[in-house]
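Enquirer: sequence plus predicted model, see below.
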Amino acid sequence: MLNNLDLVNVLVLDIETVSGHKSLEDLSPEMQYLWGIKSGSLQRKANEEDRKSDAESYTDMAAIYSEFGKIICISVGVFRRDKENGKLNFHVKSYYGHDEAKLLLEFATLLNKHYNNPKKHFICGHNIKEFDIPYICRRMIVNGISFPEMLDIYGKKPWDLEYFIDTLNLWKFGDFKSFTSLKLLCGLFEIPTPKDDIDGSEVGKTYWEQNDIERIETYCKKDVVATARVLLRMMLQDPMGFEVHDI
């Protein structure tokens with residue numbers, strides 16, 4: 001699997017998202033109404049005892065919908081080889097903060113400068129084809145930001161997007177019936193879990209109630225490192241065979 005992949009051309013990423021506002025009442029009346037429509041469709045699919053009010057569902061679920069959420073952190077990791085001994089290193093960096101437009105611009109600048117050739121470069125993540133990449137693209141549109149070459153995917157065929165390496169899809173091997181979490185793959189491959197502090201369900205509370213974005217940034221970087229280790233394991237290489245350094 002991926003025998004010809006040169007890891008130094010791979011950018012590994014993960015994003016963290018939260019609701020666009022702390023509570024439903026902070027939205028404009030029109031967006032509150034539109035969330036009510038969205039929430040209604042979601043609640044119809046839930047069991048009666050699990051149904052929530054529009055305000056509760058906004059707090060719990062708005063983050064996963066790019067129309068109602070926002071990105072607060074994009075963490076990336078890149079592989080490098082030591083020139084003297086050839087040892088693999090992994091360097092991580094985060095773009096994060098309360099200003100979504102600013103961090104998206106910084107991320108776009110990274111892609112434009114260093115990962116701008118779809119025929120050479122790759123973007124890797126867990127479930128990036130269904131979540132991270134579409135979310136980033138939609139939020140770039142909302143913030144009026146031009147797409148870097150690697151994200152300018154409108155009209156492209158699926159086979160033109162092979163530079164997106166999705167570890168979830170790799171593990172499916174064509175099976176579309178189930179979702180396999182990054183945490184489960186880490187457990188299976190005996191890779192240290194990135195969920196040793198908070199997990200995705202706690203990001204909103206950590207952001208809006210505890211105002212601890214640094215904790216979220218640390219968690220996001222751990223996801224990137226774990227994804228890189230899963231990728232190496234799927235390539236039948238030692239997943240622990242690299243050192244991690246902050247940029």
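Expert: Received the coordinates, thanks. All values reported here derive from a predicted model rather than from experimental measurement.

Enquirer: could you check how far the longest strand along the chain is from the centre of its chain?
Expert: Among the segments of the chain that qualify as a strand by DSSP state E, the longest is strand 69-81. Computed by C-alpha atoms, centre = their mean, to the nearest Å, the separation of strand 69-81 from the middle of its chain amounts to 8 Å.

Enquirer: just the CA trace of that strand, in CSV.
Expert: Presented in CSV, the C-alpha positions along strand 69-81 are these (Å, rounded to 0.1, in the frame of the first residue of the first chain):
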residue,chain,number,x,y,z
GLY,A,69,-19.8,26.5,12.8
LYS,A,70,-16.3,27.8,12.4
ILE,A,71,-12.8,26.6,12.4
ILE,A,72,-10.6,27.5,15.4
CYS,A,73,-7.6,25.4,14.7
ILE,A,74,-5.8,23.8,11.8
SER,A,75,-2.8,21.7,12.8
VAL,A,76,-0.4,20.4,10.2
GLY,A,77,2.5,18.1,10.2
VAL,A,78,5.3,17.5,7.7
PHE,A,79,7.9,14.7,7.3
ARG,A,80,11.6,15.5,6.9
ARG,A,81,14.6,13.3,6.8
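
Enquirer: which helices and strands does that strand pack with?
Expert: Strand 69-81 sits against strand 10-19, strand 88-96, helix 100-114, helix 133-142, helix 213-234, with contacts defined as 3 or more C-beta pairs under 8 Å, 6 or more residues apart in numbering; DSSP states H and E. C-beta here means a position set from N, CA and C on the backbone, and glycine is covered the same way.

Enquirer: please convert the ones you listed to JSON lines, extending it with mean neighbour count.
Expert: Output for the helices and strands packed on strand 69-81, formatted as JSON lines (neighbours: other C-beta atoms under 10 Å):
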{"stretch": "strand 10-19", "mean neighbour count": "24"}
{"stretch": "strand 88-96", "mean neighbour count": "19"}
{"stretch": "helix 100-114", "mean neighbour count": "17"}
{"stretch": "helix 133-142", "mean neighbour count": "18"}
{"stretch": "helix 213-234", "mean neighbour count": "22"}
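
Enquirer: for Ser181, find the nearest of the ones you listed.
Expert: helix 213-234 (10.8 Å; C-beta to C-beta).

Enquirer: for the next helix or strand after that closest one, C-alpha coordinates in CSV please.
Expert: Downstream of helix 213-234, the next assigned helix or strand under DSSP states H and E is strand 243-246. The C-alpha coordinates for strand 243-246 follow below in CSV (Å, rounded to 0.1, in the frame of the first residue of the first chain):
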residue,chain,number,x,y,z
GLU,A,243,10.6,12.0,16.3
VAL,A,244,8.1,14.9,16.7
HIS,A,245,9.2,18.5,16.8
ASP,A,246,7.3,21.8,17.0
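
Enquirer: list the contacts of strand 243-246.
Expert: 87-93, 225 (C-beta atoms under 8 Å, 6 or more residues apart in numbering).

Enquirer: give me that answer again for 10 Å
Expert: With C-beta atoms under 10 Å, 6 or more residues apart in numbering as the test, strand 243-246 has contacts from 77, 80, 82, 87-94, 221-222, 224-225, 228-229.

Enquirer: adjacent strands (with direction) for the longest strand of the chain?
Expert: The strands beside strand 69-81 in its sheet (DSSP bridges) come out as strand 10-19 (antiparallel), strand 88-96 (antiparallel).

Enquirer: could I get those as TSV with mean pLDDT?
Expert: Listed next are the strands paired with strand 69-81 as TSV, based on pLDDT from 0 to 100:
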stretch	mean pLDDT
strand 10-19	98
strand 88-96	96
